[in-house]
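Asks: Sequence below, structure please.
(one chain, ligands or ions: 1)
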Amino acid sequence: MGDTIKTDVLIIGAGPCGLFAVFELGLLDMKVHLVDILDKIGGQCAELYPEKPIYDIPAIPLVTGQGLTDALLEQIKPFHPTFHLNEMVETIEKIGDPLFRVTTDAGQVFETKVVVISAGGGSFQPKRPPVPGIEAYEGTSVFYAVRKMEQFRDKDLLIVGGGDSALDWTLNLHPVARRVTLLHRRDDFRAAPHSVEQMRKLVAAGQMDLRIGQVTVLEGEGGRLTGAVIKGNDNESVRIDCNTILPFFGLTMKLGPVANWGVTLENNLIPVETASFETNVPGIFAIGDINTYPGKLKLILSGFHEGALMAQKAYHYVYPDKRLVFQYTTSSSNLQKKLGVN
Ligand SMILES: Cc1cc2nc3c(=O)[nH]c(=O)nc-3n(C[C@H](O)[C@H](O)[C@H](O)COP(=O)(O)OP(=O)(O)OC[C@H]3O[C@@H](n4cnc5c(N)ncnc54)[C@H](O)[C@@H]3O)c2cc1C
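Replies: So this is what the prediction gives:
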């Protein structure tokens, strides 16, 4: 790896909250590098639900996960952030007041005045259902995320789970797939009631199938699935034709190295104060899904707000001798110049 990179701020995690933080930091003249384990930018939005609509981004009635990521990238373009993808931050050492040495698993070293942890749930991994031999079908017939809906066109889909992901993908893929079967271990769903209602309407109209039970056997060869045996709660087993299974059993939040960074943890989350979202270590902030405080909501809009307040405090570490003047983008020609619009 190359020489040590010196920067004002290092952001760990290029999810939506890390991306918007670049904007807020950029308006205040702070130079940013971002590191992400994934090979793509956008965190959960890009990795788990790129084509799924989001309805609660303020003033944007509907945007997909990928659409939001693209819009954030467009918004932060004037600040030229540098991304280091496919790299995991492993260690953070305090070497000044505040100054940190941050190292990735690729051997890249950063020296940064401020660290912003926007690592979501850490390196998130889908939970594997307890079906013997499922590994042999992963990536060919069993998928834990939907990257491209077209991939499932005309497939016989078995979607497994009872939460929002299972129900949302049932409804979204129903027009694309040849046939969708939803399987859940009981006839009671954790998903949004509206989604459950829509699913039940499709079942009543004969447009999809709902089964209650669990997959016990997978049938197929060379990673190509041909069917699955489902054991019902009455212990009766039935075989159904299917060539693709999408299990949505939630994610295991594998925190990874965050636990060794010297910040206090509480149930695998980082407690922060709510004036600036700083951790117990001065100069290390935590925003987005990774932090916790009274009333925390794991929503993208919360992370946007947290990024704005974080930048105000980070400024004082990066420019200890300067006074920070609050300005609106609407009326400040100085901010507009930074945005390249004036
Ligand atoms: C199916 C689904 C639907 C959702 N719908 C909505 C919705 O409608 N509205 C809404 O507001 N929210 C929604 N959410 C939640 C929303 O996606 C999260 O709140 C948001 O992604 C959190 O953003 P973040 O930037 O904090 O973290 P993330 O998006 O989780 O990104 C964190 C990034 O950090 C990286 N990372 C972790 N550890 C390291 C490390 N050590 N080194 C380098 N990189 C690291 C990860 O690879 C990841 O890319 C939904 C979530 C899911 C799963």
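
Asks: dump the residue contacts of the residue nearest the centre of the chain.
Replies: Here the mean C-alpha position of the chain is nearest to the C-alpha of residue 44 (CA atoms, centre = their mean), at a distance of 1.8 Å. Taking CB atoms under 8 Å, 6 or more residues apart in numbering, we find residue 44 in contact with 15, 65, 120, 124, 289. Every C-beta, even on glycine, is put in place using the N, C-alpha and C of the backbone.

Asks: From what I see, the first one and residue 38 are in contact.
Replies: No. Checked against CB atoms under 8 Å, the pair residue 15 and residue 38 is beyond contact range at 9.1 Å.

Asks: And the two? Which one has more around it.
Replies: residue 15 (30 against 19; other CB atoms under 10 Å).

Asks: show me what contacts the nearest residue in space to the more buried one that is not next to it in sequence?
Replies: Once its chain neighbours are removed from consideration, residue 15 has its nearest residue in residue 43; the separation is 2.2 Å (CB to CB, 6 or more residues apart in numbering). The contact partners of residue 43, by CB under 8 Å, 6+ apart, come to 13-18, 36, 120.

Asks: can you check residue 296 too?
Replies: Residue 296 is in contact with residue 302, counting by CB under 8 Å, 6+ apart.

Asks: Poorly predicted segments of this protein, please.
Replies: Scanning the chain with the threshold set as pLDDT under 70 gives 1-2, 124, 253.

Asks: Pull the contacting residues for residue 53.
Replies: 62-64.

Asks: Following the chain past the helix ranked longest in the chain, name the next helix or strand.
Replies: Scanning the chain for the helix with the most residues, using DSSP state H, yields helix 300-318. Once the chain leaves helix 300-318, the next helix or strand it forms, by DSSP states H and E, is helix 333-338.

Asks: what about burial for the contacts of residue 53, which qualify?
Replies: When the contacts of residue 53 are checked for burial by 16 or more other CB atoms under 10 Å, the buried set is 63-64.

Asks: export the contacts of residue 53 to CSV and tack on distance to residue 297 and secondary structure?
Replies: What follows is these, written out as CSV (distance: CB to CB, whole Å; DSSP: H, G, I helix; E, B strand; the rest coil):
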residue, distance to residue 297, secondary structure
62, 20, coil
63, 19, strand
64, 21, strand
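
Asks: Please render the contacts of residue 53 as JSON lines that adds distance to the ligand to the earlier fields.
Replies: What follows is the contacts of residue 53, written out as JSON lines (distance: CB to the nearest ligand atom, whole Å):
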{"residue": "62", "distance to the ligand": "10"}
{"residue": "63", "distance to the ligand": "10"}
{"residue": "64", "distance to the ligand": "10"}
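
Asks: Where do the helices of the stretch 51-200 of the chain begin and end?
Replies: Counting by DSSP state H, counting those that start in this stretch, one finds helices in the stretch 51-200 of the chain at the ranges 65-76, 164-173, 193-204.

Asks: Can you tell me which of these is most buried?
Replies: Mean neighbour count, computed with mean count of other CB atoms under 10 Å, is highest for helix 164-173 among these, reaching a mean of 22.

Asks: what sits against the closest residue to the ligand within the stretch 201-342 of the chain?
Replies: Nearest residue of the stretch 201-342 of the chain to the ligand, counting by CB to the nearest ligand atom: residue 288, 2.1 Å away. Residue 288 sits next to 13, 15-18, 118-120, 302-303, 306 when contact means CB under 8 Å, 6+ apart.

Asks: which one is it nearest to, not counting chain neighbours?
Replies: Nearest-residue entry for residue 288: residue 17, 3.1 Å, with adjacent residues in sequence omitted and distances by CB to CB, 6+ apart.

Asks: And the helix or strand containing the one you found, what does it pack against?
Replies: Secondary-structure assignment from DSSP H and E places residue 17 in helix 16-27. Counting contacts by 3 or more CB pairs under 8 Å, 6 or more residues apart in numbering; DSSP states H and E, helix 16-27 is packed against strand 5-12, strand 32-35, helix 43-47, helix 65-76, helix 300-318, helix 333-338.

Asks: In CSV: those, plus distance to residue 245.
Replies: Formatted as CSV, the entries for those read as follows, by distance: least, CB to CB, whole Å:
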stretch, distance to residue 245
strand 5-12, 33
strand 32-35, 33
helix 43-47, 19
helix 65-76, 22
helix 300-318, 29
helix 333-338, 49
